[in-house]
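Peer 1: Okay, sequence plus prediction incoming.
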Amino acid sequence: MANAVVSIKPRDRARVLIANRQLKMAQSAHAYVRGNTLHFYEWLKKHSSRSIPEGPSIWICGDCHVGNIGPLADSEGKIEIQIRDLDQTVVGNPAHDLVRLALSLATAARGSDLPGVTVVKMMEQMIEGYESALAAPRTEVKANGDDLTPIQVVLEQSRRRRWHHLAEERIEDVKPQIPLGKRFWTLDKKERDGIEKLFQEEAVTAKILEFKGREKGTTIAVVDSAYWMKGCSSLGRLRYAVLLGIGKKNDRSYCLIDLKEAASAAAPQRRMRVHNNAQRVVTGARELSPNLGERMLAVKLGGKDLVMRELMPQDLKFDLDRLTQEQAVAAARYLAGVVGKAHGRQMDSKTRSSWLSTLKKQHSKSLDAPSWLWSSVVALIADHETAYLEHCRLYASGL
């Protein structure tokens, strides 16, 4: 089977990528929600304009689901849980991040076979966690308590990881080579030449050497590169893995670079001072997730806009598909706090106070959360469940 994957040529990529995307999205309702941002915003455009409030104009994630939040390391190895995927980031309405996260949490709870009352408690704790972090965005959001054990486990794994863990996970070995196979595919000559040329550009080498305090003037060489089949909603865009050697050949260290095509965002956007989609992603990352943004750069390759970022072994994501009721509720509060902190850092005290006041309105006796958040999640779950089953039917008919 591995040999068949290796033989995939650039002209055949689209067919294989589409098939893999359909398969991933058919695995569960939660996977469908994670992988179909466009469907979410189509629903939002049709049904939410009268109910969801207009928050302040700030950078939002745009695709704020559970899988897009996790541990990220800065250049010194310090780890903080932040938003880890900014493909959809725009200057927009922070309420959209709240609805997207609430939908993701609700479908994760359903995937864990938790009762509906759990979703009610999750929404209440989610908005409380968000509001608390929004009010004090410079305060650390701590993952304490037995109910946050699933998050603590991932954090501890993140703290223990080193380069060889990243190499074994991403490239299957610590040898300086990217093995072609299921995930990594061969490049054509034009792609290889373009990548070689890219990593000779002054701005690119400066960014690589700047990160982790590497010495200026150090030699950088492309050791290997491959097309990378990774992700779900991004499948179909150009994506490359590039293994770089830092330093002289007989005394090298290595780093793994992710090059990802930046496409247009589905999220409704307000006025932004950016020139292209890659710059949009990098700018949003610097505002929302400093640990990630500091190692990203907007680049051009083959006439397309791509985002370059160095991968760190500490970068992980949460798998919260199997939780107890207590864990699900605690996770909802904690993850919403991470988003609240990312939003709140961009607002002055007056703007934060006004947004908090808006969020505290429309609570009812039966739900300590905004009614617009609850009604949106209920409608979105029904809408996405129908779309997910239809997706499965169409996918199965193509097998």
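Peer 2: Perfect, I can see it now. Fair warning: this is a prediction, and the values are worked out from it, not measured in the lab.
Peer 1: Can you report how many residues lie near residue 350?
Peer 2: By the criterion of other CB atoms under 10 Å, residue 350 has 9 neighbours. Where you see a C-beta, it was placed from the backbone N, CA and C, and this is true even at glycine.
Peer 1: nope, residue 161 is what I meant
Peer 2: The burial count for residue 161: 19, using other CB under 10 Å.
Peer 1: ok, so what distance separates it from residue 154?
Peer 2: To residue 154, residue 161 is 11 Å away according to CB to CB, to the nearest Å.
Peer 1: Same check on residue 223?
Peer 2: Counting by CB to CB, the gap from residue 223 to residue 154 is 30 Å.
Peer 1: More neighbours: these two, which one.
Peer 2: Shown here are residue 223 and residue 154; by other CB under 10 Å, residue 154 has more neighbours (19 against 16).
Peer 1: So the more buried one, which state does it fall into?
Peer 2: Following DSSP: H, G, I helix; E, B strand; the rest coil, residue 154 is assigned to helix.
Peer 1: Likewise for residue 133?
Peer 2: Classified using three-state DSSP, residue 133 is helix.
Peer 1: Okay, and the nearest residue to residue 240 once chain neighbours are set aside sits in which element?
Peer 2: Of all residues not flanking residue 240 in the chain, residue 259 sits nearest, at 4.2 Å (CB to CB, 6 or more residues apart in numbering). Per DSSP states H and E: residue 259 is located in strand 253-261.
Peer 1: Now that strand: buried residues?
Peer 2: Neighbour-count burial for strand 253-261, counted by 16 or more other CB atoms under 10 Å, picks out 254, 255, 256, 257, 258, 259, 260, 261.
Peer 1: what does stretch 19-34 give?
Peer 2: So for stretch 19-34, counting by 16+ other CB under 10 Å, buried means 20-22, 24-26, 28-34.
Peer 1: Widest-spaced pair of the residues you listed?
Peer 2: 20 and 29 (18.6 Å; CB to CB).
Peer 1: After the strand holding residue 259, which helix or strand is next?
Peer 2: According to DSSP H and E, the helix or strand after strand 253-261 is helix 277-288.
Peer 1: where does the protein dip in pLDDT?
Peer 2: Counting by pLDDT under 70, the chain contains low-confidence ranges at 1-7, 48-49, 163-175, 232-235, 396-399.
Peer 1: Domains of it: list them as residue ranges, please.
Peer 2: 24-160+319-397, 163-310 (automatic domain parsing).
Peer 1: Specify the stretch among those that is closest to residue 12.
Peer 2: From those, taking CB to CB, the stretch that ends up closest is domain 163-310, at 9.1 Å.
Peer 1: distance between that closest one and the chain's centre?
Peer 2: Distance, stretch centre to chain centre, for domain 163-310: 15 Å (CA atoms, centre = their mean, to the nearest Å).
Peer 1: who are the neighbours in contact with the closest residue to residue 51 other than its chain neighbours?
Peer 2: Closest residue to residue 51 apart from its sequence neighbours, by CB to CB, 6+ apart: residue 372 at 4.4 Å. Counting by CB atoms under 8 Å, 6 or more residues apart in numbering, residue 372 touches 51, 52, 53, 95, 362.
Peer 1: Look up the closest residue to the third one, ignoring the ones flanking it.
Peer 2: Once its chain neighbours are removed from consideration, residue 53 has its nearest residue in residue 358; the separation is 5.2 Å (CB to CB, 6+ apart).
Peer 1: For the helix or strand hosting that neighbour, what is the distance to the chain centroid?
Peer 2: Using DSSP H and E, residue 358 falls within helix 349-360. Distance of helix 349-360 from the chain centroid (CA atoms, centre = their mean) equals 26 Å.
Peer 1: Past that helix, which element shows up next along the chain?
Peer 2: helix 371-397.
Peer 1: what inclination does that next one have with respect to helix 349-360?
Peer 2: 70 degrees (axes from the mean of the first three to the mean of the last three CA atoms, to 10 degrees).
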